[in-house]
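S.K.: Sequence first, then the predicted structure:
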Amino acid sequence: MEIVPQSSLWRQTTDVDYMRQDGREEHPSHRWVTERLTAVYADTSFSLLDCGVMSGVTYEAFQKAGLRVDYTGIDIGRSIINDCREKYPEARWHQMTVTDLALPDSSFDVVNCRHLLECLPYYETAVREVFRVSRRHVVLCFFQPPREPEVLVRRESSGGYVWFNRYAPGPLEQLLSSLSNTVESVDVAHDRRLNRIYFCTK
């Protein structure tokens with residue numbers, strides 16, 4: 001009997017509206033990032049790579065805020081990318097994994113990575129990749145705020161698997177500091193959903 005390797009459920013998902021469920025799109029961490037980028041790029045346009053676009057909610061938040069952003073979004077889910085291309089044809093959308101970005105060094109002013117690193121086997125490769133393609137800023141938002149002890153969980157199902165990790169803050173923040181000039185950290189809470197944002201300046 002042939003054994004077919006399982007793949008990530010995020011790669012297979014057709015639930016293109018997942019990030020609109022349970023108020024996820026209304027989380028104030030969207031507003032914090034949008035306001036911070038507005039302050040930094042108040043008088044100029046900027047380019048941004050959004051990693052793990054799921055439903056396009058971050059792009060919508062930027063548009064509602066009137067940001068002058070040259071936006072590119074990536075996701076490993078083909079259905080997700082096809083849906084975003086149909087809804088928002090003015091932006092660029094690519095099926096791509098954050099752990100192996102097919103992009104030149106320093107391609108974007110900002111790289112945004114929201115609610116994604118917890119869903120990878122581990123974060124280091126992805127973090128180094130987003131810093132590689134960023135010119136100025138990297139924004140990382142965690143729905144599982146890093147804390148001790150570190151817990152790595154791979155949840156299996158008949159259709160595939162998903163990682164649901166909580167990372168230890170020490171090694172993560174040490175890596176971010178080694179790749180940045182400054183690292184700003186803020187916790188944003190809403191309806192018991194705490195998010196941690198790292199705003200890194202290279």
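M.R.: On my side now, so go ahead.
S.K.: can you tell me which helix in this protein is longest?
M.R.: Secondary structure of the chain per DSSP state H: the longest helix is helix 28-40.
S.K.: Give me the helices and strands touching that helix, please.
M.R.: Judged by 3 or more Cβ pairs under 8 Å, 6 or more residues apart in numbering; DSSP states H and E, the packing partners of helix 28-40 are helix 57-65, strand 108-114, strand 134-142, strand 182-190, strand 193-201. (C-beta placed from N, C-alpha, C; glycine too.)
S.K.: tell me the angle the last one makes with strand 182-190.
M.R.: Think strand 193-201. 160 degrees (axes from the mean of the first three to the mean of the last three Cα atoms, to 10 degrees).
S.K.: and strand 193-201, what does it pack onto?
M.R.: helix 28-40, strand 134-142, helix 169-179, strand 182-190.
S.K.: Show me what it pairs with in its sheet, parallel or antiparallel.
M.R.: strand 134-142 (antiparallel), strand 182-190 (antiparallel) (DSSP bridges).
S.K.: I'd like the distance from the last one to the chain centre, please.
M.R.: Right, strand 182-190. Relative to its chain's centre, strand 182-190 lies at 15 Å (Cα atoms, centre = their mean, to the nearest Å).
S.K.: OK, contacts around the nearest residue to Glu26 once chain neighbours are set aside?
M.R.: The spatially closest residue to Glu26, leaving aside those adjacent along the chain, is His190, at 7.6 Å (Cβ to Cβ, 6 or more residues apart in numbering). With contacts defined as Cβ atoms under 8 Å, 6 or more residues apart in numbering, His190 is in contact with Gly23, Glu26, His27, Pro28, Ser29.
S.K.: Sort out which of the residues you listed are buried, if you could.
M.R.: Buried members of the contacts of His190, scored by 16 or more other Cβ atoms under 10 Å, are His27, Ser29.
S.K.: got JSON lines for the contacts of His190, with pLDDT and distance to Ile197 too?
M.R.: Converted to JSON lines, these look like this (pLDDT from 0 to 100; distance: Cβ to Cβ, whole Å):
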{"residue": "Gly23", "pLDDT": "52", "distance to Ile197": "18"}
{"residue": "Glu26", "pLDDT": "72", "distance to Ile197": "16"}
{"residue": "His27", "pLDDT": "79", "distance to Ile197": "11"}
{"residue": "Pro28", "pLDDT": "89", "distance to Ile197": "10"}
{"residue": "Ser29", "pLDDT": "90", "distance to Ile197": "6"}
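S.K.: can you tell me which two in the contacts of His190 are farthest apart?
M.R.: Distance extremes for the contacts of His190: the farthest pair is Gly23 and Ser29 at 11.9 Å, using Cβ to Cβ.
S.K.: Quick check: Arg85 touching His94?
M.R.: No: the pair Arg85 / His94 is not scored as a contact, 9.6 Å apart, by Cβ atoms under 8 Å.
S.K.: Can you pull the phi/psi pair for the residue lying closest to Thr97 once chain neighbours are set aside?
M.R.: For Thr97, ignoring the flanking residues on the chain, the nearest one in space by Cβ to Cβ, 6+ apart is Ile76 at 5.2 Å. Per-residue torsions, Ile76: phi -80, psi -10 (degrees, to the nearest 10).
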